[in-house]
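1. I'd like to go over a predicted model; first the sequence, then the structure.
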Amino acid sequence: MAKQVIQTLKIQAPGGQATPAPPLGPALGQAGVNPGQFIQQFNDATRQLNGKVVGCLISVYNDRSFTFEIKSPPAAVLIKDAAGIAKGSGVPNKDKVGNLTRAQVEEIAKEKMPDLNTTDLDAACRIIEGTARNMGVVCEL
């Protein structure tokens, strides 16, 4: 008999540096996952990302075991890194906080491609440009 998935969690944590402190530990504990065991496996799998926030999809089974899938970092995090800014604009239609070149947008789109709902690079670039525009970052074409 196959294991049955009883819960699915979506989390975001710093790659290679996650700790069982709140908010991660309590969320895992409520789902029946051993936080220490998950944190150790997650940090080993994301060691090369070293502090960059990544998404993770955790499937919890009826015997309290779990599997997880590492997603790419959120587009906003990648845009902030590429533009060299600390945070997006509070008023993105008036205050512009950074610039991205077409090459930077394409690089971010290629990294996010497995998690986007398109297989076309131009469409992926438009998705990233939209996110950047909403953060107050200007994309130079």
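-> Sure thing, it's come through. Predicted, not measured: the structure shown is a model, and the values here were computed from it.

2. just checking: what are the partner strands of the strand or helix carrying Leu9?
-> Here Leu9 sits within strand 5-14, counting by DSSP states H and E. Partners of strand 5-14 in the sheet, by DSSP bridges, are strand 53-61 (antiparallel).

3. mind listing what's buried in the strand it pairs with?
-> Val54, Gly55, Cys56, Ile58, Val60, Tyr61 (16 or more other C-beta atoms under 10 Å). Any C-beta I mention is one placed from the backbone N, CA and C, and that applies to glycine too.

4. just put those residues in CSV and tack on pLDDT and distance to Gly88.
-> Formatted as CSV, the buried residues of strand 53-61 follow (pLDDT from 0 to 100; distance: C-beta to C-beta, whole Å):
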residue, pLDDT, distance to Gly88
Val54, 90, 19
Gly55, 89, 18
Cys56, 90, 23
Ile58, 91, 28
Val60, 91, 33
Tyr61, 90, 38
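
5. could you say what helices and strands the lowest-mean-pLDDT helix or strand in the chain packs with?
-> When each helix and strand of the chain is scored by mean pLDDT, DSSP states H and E, helix 24-30 comes last, with a mean of 87. Other helices and strands packing on helix 24-30, by 3 or more C-beta pairs under 8 Å, 6 or more residues apart in numbering; DSSP states H and E, are strand 5-14, helix 35-45.

6. pull the longest helix from the protein.
-> helix 121-135 (DSSP state H).

7. nearest to Asp81 among the buried residues of strand 53-61?
-> Val54 (12.8 Å; C-beta to C-beta).

8. surely the closest one is in contact with Gln17?
-> No. Look at Val54 against Gln17 with C-beta atoms under 8 Å: they stay out of range, at 10.7 Å.

9. ok, back up a step: may I have the strand holding Leu9 as PDB, with CA atoms only?
-> Extracted in PDB, the C-alpha atoms of strand 5-14 (Å, rounded to 0.1, in the frame of the first residue of the first chain):
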ATOM      1  CA  VAL A   5      -0.100  12.500   1.500                       C
ATOM      2  CA  ILE A   6      -2.000  14.100   4.400                       C
ATOM      3  CA  GLN A   7      -0.700  17.600   4.200                       C
ATOM      4  CA  THR A   8       1.300  19.800   1.800                       C
ATOM      5  CA  LEU A   9       3.300  22.800   3.100                       C
ATOM      6  CA  LYS A  10       4.800  25.700   1.100                       C
ATOM      7  CA  ILE A  11       7.600  27.500   2.900                       C
ATOM      8  CA  GLN A  12      10.400  30.000   2.100                       C
ATOM      9  CA  ALA A  13      13.700  29.800   4.000                       C
ATOM     10  CA  PRO A  14      17.300  30.900   3.500                       C
END
